[in-house]
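[1] return a 3D structure for these sequence lines:
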Amino acid sequence: MWQALRRRWQARRDAAAVARRPIPDDLWKRTLVRYPFLRRREAADRAELRRLTSLFLDRKEFDAQPGVRLTDDVVVAVAAQACLPVLRLGLARYDGFVGIVLHPDQVVARRSHIDEHGVTHEYDEVLSGEAMEGGPVMLSWRDVRTSGRSAAEAYNVVIHEFAHVLDMANGAADGVPLLPPDITVAEWQQVMSTEFESFTARVDGGAEDTALDPYGAEGPEEFFAVASEAFFVAPAAMGAEHPALYKLLRRFYRQDPAVDAGA
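    Below is the predicted model:
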């Protein structure tokens, strides 16, 4: 009884949020044209993605650095791409943070690292995006804006950073997100470890043409994020090169982008 009442209460709350943040038809059509990997979905999925996008906009706070204007086109572009990974998982997966910060382009962050000898090394890192535990999520608007074209290269900064958000839901980013009951941690790690080691060997060996961004070789957490990008925006190439990994992500995300896209 209480569960039924809670579901009805949540449905009313969500309906009110969608009414507060409706997405006009022409804006939604422009978004689907600009990002074809969103458009290549069944009508029911597109409708649910549009609903989740409104809910996302109602729950999250956007901040723009000089050089970016927070127009409706901008925030809907970010929100729609962020909602794609949780289309079947639910928006509650993003409850651990609120803020999204948009920069006009990549940013340079000062980093430091202590090696095994206790020596501190400082260096600059160029970032297109960064997800921090508890937020905010930082994104380069240039990379977001061009993600319709960069999909052919399996590159999508929004999906990458929001995969990190999913990864950090159970603690530090380690490449193991909260898993559904039908996937054990042991199975996840077995598939991921095998795929990661094979991929890293190819990258270290100088492979120039891989379905996944070579940045995935940086560590298990980056491998999960990079694989998630390819899964959603270049599913055919990713599935052909990494069939076991594709099947695992299909079970985790409860989606099959290759089929949905008609690939």
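
[2] CA only for contacts and neighbour counts going forward, please
    OK.

[3] residue ranges for the helices of the stretch 101-250 of the chain, please.
    For the stretch 101-250 of the chain, the helices defined by DSSP state H, counting those that start in this stretch occupy 141-145, 147-150, 157-167, 185-204, 220-233, 235-241, 243-253.

[4] any regions of the stretch 51-200 of the chain where pLDDT drops low?
    The stretch 51-200 of the chain contains residues with pLDDT under 70 at 108-125.

[5] swap the cut-off to 90 and go again
    Within the stretch 51-200 of the chain, the stretches with pLDDT under 90 are 106-127, 133-135, 170-173.

[6] tally of neighbours for Ala44?
    Neighbour count of Ala44, defined by other CA atoms under 10 Å: 9.

[7] again, but for Arg51
    22.

[8] that one against Val18, yeah?
    Yes. Using CA atoms under 8 Å, Arg51 is in contact with Val18, at 6.7 Å.

[9] could you provide the helices of the stretch 101-250 of the chain in TSV, with additional columns for distance to Ala92?
    Supplementary listing: the helices of the stretch 101-250 of the chain in TSV, determined by distance: least, CA to CA, whole Å:
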stretch	distance to Ala92
helix 141-145	23
helix 147-150	25
helix 157-167	10
helix 185-204	21
helix 220-233	19
helix 235-241	25
helix 243-253	14
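
[10] got a markdown table for the ones you listed, with mean neighbour count and distance to Pro177 too?
    Shown next, in a markdown table, are those (neighbours: other CA atoms under 10 Å; distance: least, CA to CA, whole Å):
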| stretch | mean neighbour count | distance to Pro177 |
| --- | --- | --- |
| helix 141-145 | 21 | 24 |
| helix 147-150 | 19 | 24 |
| helix 157-167 | 26 | 4 |
| helix 185-204 | 15 | 9 |
| helix 220-233 | 26 | 9 |
| helix 235-241 | 19 | 20 |
| helix 243-253 | 18 | 9 |
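
[11] of all those helices, which one comes closest to Gln3?
    Ranking those by proximity to Gln3 (CA to CA) places helix 243-253 first, at 24.6 Å.

[12] run through who's touching the helix or strand immediately after the closest one in the chain.
    Using DSSP states H and E, the helix or strand that follows helix 243-253 in sequence is helix 257-260. By CA atoms under 8 Å, 6 or more residues apart in numbering, the residues outside helix 257-260 that reach it are 40-42, 231-233, 235-236.

[13] in contact with the residue nearest to the spatial centre of the chain, which residues?
    Centroid-nearest residue in the chain, with CA atoms, centre = their mean: Ile159, separated by 2.1 Å. Contact partners of Ile159, counting by CA under 8 Å, 6+ apart, are 81-82, 84-85, 225, 228-229.

[14] state the distance from it to Leu49.
    In this view, Ile159 and Leu49 are 14 Å apart by CA to CA, to the nearest Å.
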